Structures are given as structure tokens and as C-alpha cells.
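> One predicted model, sequence on top.
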Amino acid sequence: MKLYDTKAGELRDFKPLVAGRVSMYVCGPTVQSAPHIGHLRSALVYDLMARWFTHLGLEVQLVRNVTDIDDKVLEKADEQSVTWWELAYKNEQLFAADYRRLAIGLPSHEPRATGHIPQMITLIEKLVELGYAYGGLDGSGDMYFNTAKWSNYGELTHQKLDDMEGERSNPAKINPQDFALWKAAKFTEPESASWPSPFGSGRPGWHIECSAMAAHYLGESFDIHGGGLDLRFPHHENELAQSTAAGHSFANYWVHNGLVSVQGQKMSKSLGNSVLSSDLFDKVNDKAVRYYLASAHYRSILDYQPEATVEAAAALSRLHGFVARAARELKESRFSEFAAVELPDEFTLQMNDDLNIPGALAVIHESATAGNTDLDEQRLSQAHQRWSEVVGMLEVLGLSLDSSNRTNQEHRALDQLIQTLIAERNKAREDKNYQRADQIRDQLIEIGIELSDSTSGTHWSLN
RNA sequence: GUUUCGGUAGCCAAGUGGUAAGGCGAAGGUCUGCAAAACCUUCACGCGUCGGUUCGAUUCCGACCCGAAACUCCA
């Protein structure tokens, strides 16, 4: 498999550090507010990547952190007159709920920053010991990383220290580009937001959190570090600098997902142009939202267009339609069970090519078309092959038709009710009472149930 | 200014040094009592503009235009 490595600036063959295993660290959200679809796309990208690795037979370790303490969390909590941990927890739950709805798998670990303060302190101490960290020149008690001492600084984003603007007005820093490792407690902030440390009480800087947690769960070297493109600098550059300065080899591959934009502009909390998951979930079903967010290559900008979600729903519905039709029409044959078949080579090729989901989706569509034709022509063996392929491919992408609601009690009751109406309608059709037949069909359409007549009888589906 | 990344049909969106995947949508057709669904056919002589390299460029190179992201708060 090839992956685009931001640090190398090119596609690289992916080779795990330990054969048969892949370790991934993904920057999760700062839980200062509810998720928007940009956050969800990011989580989805790494979920898809993890699923593909799993399909390839690798054992995946995925760590996705939660930043539950930082300036913004404290600020927002203050505005809303709640404690910072209440705010953080509430938002963390909103993220979790959306992840679940999008069928984004649980990571192996989902560490909160506040649960790993000792590891962060240890890492800062190490940096002090090695001469890369210093206490703020203004005596504030802040700790900073000395970027001038680390000659590789800028290697992730290919920038020279001199070209970077940095924060010129901060008298606590030796170099304007230096960044905070530890922020001393302030009188204006709640006491609960500070922890004791050898540098005085305070809280960790944003970047050190990820360095410490990645090392804690995945070790000093691991395979892939992922996150949104906007985190490349300063966040990931700083993580890389402090971790490697501390002697860790850190991530072997750096992967960055493209952002979601609205009318050509980045979706962000500060711009106030956030599209929330509920905006999509209200319009189309959960799997269609997943399909939509996955439908652009993960490194491309996804410019949000409301109609595009409806298009995604239509496209996915055709695939699900084939799966359901094949299941129905093959039921009575010797091909009633779908087989664990090899996925089409082209699909594998696309997925191995830097996770080209759009290319992979094209393969699924082609298989579904071919499968529908096979069913039309009564080529059951081929249809069975196509059906199995499509089911397998959808499963890898987490886009399978949910089967849970087909087995529950409510569904059975609904089915019996509709079957009664179908029988009445078919009787009416036999009697050439088309007015009554169409009336039944129209009434069902109105409540979202679609009937379709075929040689194998009349079937219904939720629209 | 510096560093990244884009500009492909009505819309979404892949891709390639050899003549443009797929989806949505639209039109026509097959099927149907009529529909729906499904299938078939058609829908970019064109891939921001202008040059260059080449037998050949949308793809490589250069310049330019437009847009996005980052530059110490952001997935």
C-alpha cells in the first residue's frame, strides 16, 4: 500500500515497523464545542484507513486523543458558567454520539489529556535535562521549547526557522518561534485547571499532550501520525520537534486529511460557518452521510454542498438496492448464502493507492451494475459472485446496509401489515381495478414505503 | 512575504505522457396495466490561461491568473 507522507512530500510504500501490526496516532478534537462535519470527516478518514489495514490482515492499534483542557475550553466554560470538565465531557459525548452514528469504530485507546499529566511532565523534564526546554524569561513559570537549539525544526512543513514569523511580542521567549510546553497557573483561571509540577503548578501546552500520549500508548516509535491539514503547523511540527529532541523516533509516516470547506472557506468554529452533523442526519440516512463524507479523496478539500448529500444518498441507495435484490432473488437458489470472495483487484488497487475511496466506490458501482444485469439475465452464479463482492466491498468501507432493523419485532409487524396491503393491491390488479391498486401504492409512498413489482413478486422498501 | 495544496462536464468527483473512471442529474429506449426499481444508449475534440519539451501533454517544465490551508487558537 502507498500512503502520501506529508513529511516526505510524496507517496511512500507503507511498511509497518513491526510486521503484521500497524500503530496509528490520530489527533482528536479539542472538546470546546459540538462537532461539525469537518471533525467527523477527519475521524472517518482514519477509521477507513484502519479498516483497510485490518482487511489487509494487519493488527491495528489506533489511538485518538481528546484534548479536554486548553485555553478555549476554559474560556468557553467561563462564558457558559459551567466547569471546564463539564463542558469538555458534554462535548466529548456529542462527538462520541456522532462517531457511533457514522459507524466510526472505537479506537483502541481514547486518552484524555488530563489523564496523562505525569507523562507530560516527565517528557518536559527530559527536554529540560537535554537543554531543549527553558523556563519563561519573564519569570511567569511557563516552560518553552527552544526551537533554535533543535536544528531539524521545520522539517515536517519544510520551513526555515528564519522564514517563520513567530510571536514577536512575547518577552518570555528566547526565540519568537518557541512554543509553550507548560503554562503556569493564572489567577484568572480555576484552581481545578492546574496541576502541580516541578516547574510550578500549571497545565500542559497543547503540543506536549500528543507527544506524551502517543509515546505512552504506542511507544517512542510508531507507524502513522494523522490529523487534519490545519494541524500540520504548528501542532504537528512542534510534536515532532519535542519528541525527536527527547530521543524518540516518533511517527514513521505523517498523514493529513483535507478540510471541509463551505463556499470555498474552511469550516471552523471561529468563522462561524460550521455545518453540524444534525444538518446532514436530518436530511439523509446515517450511511448516506458516511458515503458522502468518504466520497472525495481524503486529501482533497471537500466543499460542502447541501445537494451533494442527497446525491450520495441516491448513489448508495442503488448499491443497497442491488444487495437487497440479490439476497431476495438468490434466496431460493443454491446461491442463497453469500460467499467470502476475493474483492475485485481493481478495488484493492484503488484502496492500496493512498486510500483512493472514490476510485474504490467506482468499482462497487460497476459491480452492482453488472450484478443487476446478471440477475436480469438469470445468470445466478455470476450474480452470486457480484453480490458477494459488493457486500464485501461495502463492508470494508463500513457502508453495509444495516441488517439489524430487518430482524427486530417492529420490522416483522410492519412487514405483515404491508404484506396484507400488497395482497389486496395484487388482487385489485388482477381484477383490473387499477384505481384501487394505485391508491394503495400512493398511500404507502406518502408514508415513505416504496413498492416495486417484478417477476418475483411485489417488494417493499423504506424510502 | 514564506511554506503547502488545488483549478477536470449542469453538479459531485477519480485519473493518466498516447487521447477523459464512477456517481448524481437530463434525454431516449427496454420492462410494466401505469409507475417505481433495474438495465441499455446518449450527454467534456475537453481537463484555469499562455508558452516550452515531446512523434504526441489534460498529465512533465516555465510564466501568469484564480482559489484554499498554515505561519504559534482550530479535524
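All right, it came through fine. Keep in mind that this is a model prediction, so the values were computed, not measured.
> now the strands: where do they sit in the stretch 101-250 of chain A?
Applying DSSP state E, counting those that start in this stretch to the stretch 101-250 of chain A gives strands spanning A:133-135, A:143-145, A:179-184, A:202-204, A:221-228, A:250-257.
> With mean neighbour count, mean pLDDT and distance to RNA strand B added, can I get these in a markdown table?
Quick note: C-beta positions are derived from backbone N, CA and C, even for glycine. Shown next, in a markdown table, are these (neighbours: other Cβ atoms under 10 Å; pLDDT from 0 to 100; distance: least, Cβ to the nearest atom of the strand, whole Å):
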| stretch | mean neighbour count | mean pLDDT | distance to RNA strand B |
| --- | --- | --- | --- |
| strand A:133-135 | 20 | 95 | 14 |
| strand A:143-145 | 26 | 95 | 9 |
| strand A:179-184 | 23 | 94 | 3 |
| strand A:202-204 | 25 | 95 | 12 |
| strand A:221-228 | 24 | 96 | 2 |
| strand A:250-257 | 23 | 95 | 6 |
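> Relative to A:Arg51, which of these is closest?
Closest of those to A:Arg51 is strand A:221-228, at 14.0 Å (criterion: Cβ to Cβ).
> Partner strands of that closest one and their direction?
strand A:21-26 (parallel), strand A:250-257 (parallel) (DSSP bridges).
> Which one, of the strands of the stretch 101-250 of chain A, ends up nearest to A:Lys427?
Closest of the strands of the stretch 101-250 of chain A to A:Lys427 is strand A:250-257, at 55.4 Å (criterion: Cβ to Cβ).
> Provide a complete list of residue ranges assigned to helices in chain A.
Secondary structure of chain A (DSSP state H): helices at A:37-55, A:71-79, A:84-101, A:117-129, A:206-218, A:237-245, A:277-281, A:286-294, A:306-330, A:345-352, A:357-376, A:380-396, A:409-430, A:434-446.
> Buried residues of the longest one, list them for me.
Counting neighbours by 16 or more other Cβ atoms under 10 Å, one finds that the buried residues in helix A:306-330 are A:309, A:312-313, A:315-317, A:319-320, A:322-323, A:325-327, A:329-330.
> likewise the last one?
Along helix A:434-446, the positions that meet the burial threshold by neighbour count (16+ other Cβ under 10 Å) are A:Ala437, A:Ile440, A:Arg441, A:Leu444.
> same deal with the shortest one?
Neighbour-count burial for helix A:277-281 flags A:Ser277, A:Leu280, A:Phe281 (criterion: 16+ other Cβ under 10 Å).
> go on, the first one?
Neighbour counts over helix A:37-55 (16+ other Cβ under 10 Å) mark A:37-53, A:55 as buried.
> just the fourth one next, same as before
For helix A:117-129, the buried set under the neighbour-count rule, 16+ other Cβ under 10 Å, comprises A:Ile117, A:Gln119, A:Met120, A:Ile121, A:Leu123, A:Ile124, A:Glu125, A:Lys126, A:Leu127, A:Val128.
> For these, give me TSV that also has pLDDT and distance to A:Pro176.
Output for those, formatted as TSV (pLDDT from 0 to 100; distance: Cβ to Cβ, whole Å):
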residue	pLDDT	distance to A:Pro176
A:Ile117	96	28
A:Gln119	96	28
A:Met120	97	24
A:Ile121	97	26
A:Leu123	97	23
A:Ile124	96	21
A:Glu125	96	25
A:Lys126	96	24
A:Leu127	96	19
A:Val128	95	21
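> ok, these vs A:Lys160, which is closest?
The closest of the buried residues of helix A:117-129, once distances to A:Lys160 are taken by Cβ to Cβ, is A:Leu127, at 22.2 Å.
> I figured the closest one hits A:Phe145, correct?
Yes: shown here, A:Leu127 and A:Phe145 form a contact pair, counting by Cβ atoms under 8 Å, at 6.7 Å.
> what residues does the stretch 1-150 of chain A put near RNA strand B?
A:9, A:27-30, A:36, A:38-39, A:41-42, A:67, A:70-72, A:147 (Cβ under 7 Å from any atom of the strand).
> again, only this time at 6 Å
A:Gly9, A:Cys27, A:Pro29, A:Thr30, A:Gly38, A:His39, A:Arg41, A:Ser42, A:Lys72, A:Thr147 (Cβ under 6 Å from any atom of the strand).
> Please name the nearest non-neighbouring residue to the third one.
Right, the one you point to is A:Pro29. Of all residues not flanking A:Pro29 in the chain, A:His39 sits nearest, at 5.3 Å (Cβ to Cβ, 6 or more residues apart in numbering).
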